[in-house]
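S.K.: pasting a predicted model and its sequence here:
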Amino acid sequence: MKKLFVVAKDFLGWHSTKKLFEARYRIFSASYFAQGLVFGITGIAFPIYLQRQFNLTMGELVSMTILMQFPWFIKPFWGFISDHIPISGRRRIPYVIICSFIVFLSSIAIGSIVQSYWMFVFAAFFLNFGFGFTDVACDAHGVDMCKKDNREEGMIQAIMWETRSFGAFLSGIGGGILINFFGEKITFVVMSLAPLTLCIVAFSSLKEEDKNVHSTKDWGHLFKRSSYEGSVKFLIAAAIFLFILNMAPVFSPSALQYFMGKILGYSPFMRGIISAIGAFGGFLGLRYYREYMREGDIRRILKLSLLLGAGINLTYVWTVYFYPLLLFIFIIGAFVSMIGFVCSMRVAVRACPKGIEGTVFAVMMSLCNIGSMAGAWVGGRIFDFFAVVKYVDGEVVYQEPGHGFAWMVIISSAMSLSPLLFLRLLREFKTSDVKNA
């Protein structure tokens, strides 16, 4: 028992946590913590606000979400700007400063002056634009560091998503409480403090980025051989695999939130706790990967996480009705899925050629986002199709909605195994001898 306590203390204690605050990692921690906090809150508040204000079906809600998140689909454009238009000699952190301030203004607007449907779409669009560009610049800065020192590969990506998971954990608890007591509008205003803090941290981190970084324009030369002796073939294979990996589980988080709230009657606080538990599970998974699995076989880890993830997702067919059991399943599912996710990020980092890291990595992430949204859209339509949507006096009424949810989960679990067929595309991937940084 004493030995177990010591292991847990080292795992969760200051020795492992202090890396999040080291100067070279601070910008990543702040950026992804802000994302986790804001998107954790909007993931709870937006479906409630939109359904209450505009009486949308679940399928319409997912379509609306896709429209607002369009800036995430064109991330390569932001990557190209970051790669080729430096500000004061720096390609990354100045854009983090500017765009995080845009997110701050958008959050304030949503919580104050926004009243109509299209005003909301406009403000939410700019919130996603700001975070999308910030995400690209921050990711590219991380890839830059990995190219200079391959020991950072896996470490930076784990730190990013650890802090995002922790931010989502806090927003799941605090967001649900804020919405219950103060409503969505006040909650949107409060969440604006996160991007404002990121803006301040980014400004203080300017010195951490090299100035006057050479931006290679010989694209033909770049794509002959990528970093770590990769190839164009591997770059394409990695892109295909990442797209399939993110599209395969046709499971919409919005559908789950809608089903738990509209059909099962779970309060915003209860749903916030579920989100928080899931985020904490992801945090534990990322911490475990960073401490104990970073030197393991990436393809083997991906295979195991896909198999376990499919089985865990299938349990939602019945665990969604039993709140305490659902919390337990969420924490395990998030633990497994985030380990697989950070491995997929390592594949994307390895495939990026030097000189245009921001553009290529953004292409990879855009494919991931498009795949996720496509899967979510399909999942939403499956739910509506099997649940039989009807309108009674202008109100959305689902006939036997549990059947729609069950079919969505079953189909999603089956399709989530399809990336196993594409793992062979990564046969060129060699896990480098990464030592603890």
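M.R.: Thanks, I have it.

S.K.: C-alpha only now, for contacts and for neighbours.
M.R.: OK.

S.K.: number of residues surrounding residue 195?
M.R.: 29 (other Cα atoms under 10 Å).

S.K.: just residue 248 next, same as before
M.R.: For residue 248, using other Cα under 10 Å, the count is 22.

S.K.: residue 36 against residue 166, yeah?
M.R.: Yes - counting by Cα atoms under 8 Å, residue 166 is a contact partner of residue 36 at 7.1 Å.

S.K.: neighbour count: the two, which is higher?
M.R.: residue 36 (26 against 23).

S.K.: show me what the helix or strand where that one lies is packed up against.
M.R.: Using DSSP states H and E, the element containing residue 36 is helix 26-54. Counting contacts by 3 or more Cα pairs under 8 Å, 6 or more residues apart in numbering; DSSP states H and E, helix 26-54 is packed against helix 58-68, helix 117-148, helix 155-191, helix 193-204, helix 253-258, helix 268-288.

S.K.: give me the average confidence score over it.
M.R.: Mean pLDDT, helix 26-54: 82.

S.K.: for stretch 397-412, same thing?
M.R.: 81.

S.K.: also stretch 162-175?
M.R.: pLDDT averaged over stretch 162-175 gives 81.

S.K.: pull out the buried positions in stretch 285-299.
M.R.: 285, 286, 287, 288, 289, 290, 291, 293, 294, 295, 298, 299 (16 or more other Cα atoms under 10 Å).

S.K.: again but with stretch 114-130, I slipped
M.R.: 114, 120, 121, 122, 123, 124, 125, 126, 127, 128, 129, 130.

S.K.: please apply the same query to stretch 298-315.
M.R.: Applying a neighbour-count criterion of 16+ other Cα under 10 Å, one finds 298-299, 301-303, 305-306, 309-310, 312-315 buried in stretch 298-315.

S.K.: pull the most distant pair out of those.
M.R.: 298 and 315 (26.2 Å; Cα to Cα).

S.K.: got any ranges where the chain has weak pLDDT?
M.R.: 1-16, 58, 211-231, 252-254, 391, 394, 396, 428-437 (pLDDT under 70).

S.K.: redo that, cut-off 50
M.R.: Applying pLDDT under 50 to the chain flags the ranges 3-4, 6-7, 216, 218-219, 222-230, 432-437.

S.K.: hmm, back to that, which one among the buried residues of stretch 285-299 gets closest to residue 369?
M.R.: Using Cα to Cα, residue 286 comes nearest to residue 369 of the buried residues of stretch 285-299, at 20.3 Å.

S.K.: which residues touch that closest one?
M.R.: Residues near residue 286 by Cα atoms under 8 Å, 6 or more residues apart in numbering: 158, 159, 161, 162, 335, 338, 339, 342.

S.K.: adding distance to residue 57 and neighbour count, write those out as JSON lines.
M.R.: Shown next, in JSON lines, are the contacts of residue 286 (distance: Cα to Cα, whole Å; neighbours: other Cα atoms under 10 Å):
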{"residue": "158", "distance to residue 57": "36", "neighbour count": "27"}
{"residue": "159", "distance to residue 57": "37", "neighbour count": "26"}
{"residue": "161", "distance to residue 57": "31", "neighbour count": "25"}
{"residue": "162", "distance to residue 57": "33", "neighbour count": "28"}
{"residue": "335", "distance to residue 57": "31", "neighbour count": "25"}
{"residue": "338", "distance to residue 57": "30", "neighbour count": "25"}
{"residue": "339", "distance to residue 57": "33", "neighbour count": "26"}
{"residue": "342", "distance to residue 57": "33", "neighbour count": "26"}
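
S.K.: could you give the number of residues near residue 263?
M.R.: Neighbours around residue 263, by other Cα under 10 Å: 14.

S.K.: wait, it touches residue 400, no?
M.R.: No - Residue 263 is beyond contact range of residue 400, at 9.9 Å (criterion: Cα under 8 Å).

S.K.: please save the CA atoms from stretch 235-255 in PDB.
M.R.: Below are the C-alpha coordinates for stretch 235-255, written out as PDB (Å, rounded to 0.1, in the frame of the first residue of the first chain):
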ATOM      1  CA  LEU A 235       3.000  12.200 -45.300                       C
ATOM      2  CA  ILE A 236       0.000  11.200 -47.400                       C
ATOM      3  CA  ALA A 237      -0.400   7.900 -45.500                       C
ATOM      4  CA  ALA A 238      -0.400   9.800 -42.200                       C
ATOM      5  CA  ALA A 239      -3.000  12.200 -43.500                       C
ATOM      6  CA  ILE A 240      -5.300   9.400 -44.700                       C
ATOM      7  CA  PHE A 241      -5.000   7.500 -41.400                       C
ATOM      8  CA  LEU A 242      -5.700  10.600 -39.200                       C
ATOM      9  CA  PHE A 243      -8.800  11.400 -41.300                       C
ATOM     10  CA  ILE A 244     -10.200   7.900 -41.000                       C
ATOM     11  CA  LEU A 245      -9.300   7.700 -37.300                       C
ATOM     12  CA  ASN A 246     -11.400  10.800 -36.500                       C
ATOM     13  CA  MET A 247     -14.300  10.200 -38.900                       C
ATOM     14  CA  ALA A 248     -14.900   6.500 -38.100                       C
ATOM     15  CA  PRO A 249     -16.700   6.900 -34.700                       C
ATOM     16  CA  VAL A 250     -20.000   8.500 -36.000                       C
ATOM     17  CA  PHE A 251     -20.800   9.600 -32.500                       C
ATOM     18  CA  SER A 252     -21.800  13.200 -31.800                       C
ATOM     19  CA  PRO A 253     -20.900  14.800 -28.400                       C
ATOM     20  CA  SER A 254     -23.700  17.200 -29.100                       C
ATOM     21  CA  ALA A 255     -26.100  14.200 -29.500                       C
END
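
S.K.: okay, now residue 54: neighbour count?
M.R.: For residue 54, using other Cα under 10 Å, the count is 11.

S.K.: now the nearest residue to residue 316 once chain neighbours are set aside, what are its backbone angles?
M.R.: Spatial nearest neighbour of residue 316, excluding adjacent residues (Cα to Cα, 6 or more residues apart in numbering): residue 409 at 6.9 Å. In terms of degrees, to the nearest 10, the main-chain angles of residue 409 are phi -70, psi -40.

S.K.: how near is residue 409 to residue 171?
M.R.: 26 Å (Cα to Cα, to the nearest Å).

S.K.: now do residue 79
M.R.: In terms of Cα to Cα, residue 79 sits 29 Å off from residue 171.

S.K.: which helix or strand contains residue 265?
M.R.: Residue 265 is part of no helix or strand, with elements assigned from DSSP H and E.

S.K.: and it, backbone torsions?
M.R.: phi 80, psi 20.

S.K.: do residue 250 as well
M.R.: With angles defined as degrees, to the nearest 10, residue 250 sits at phi -80, psi 70.
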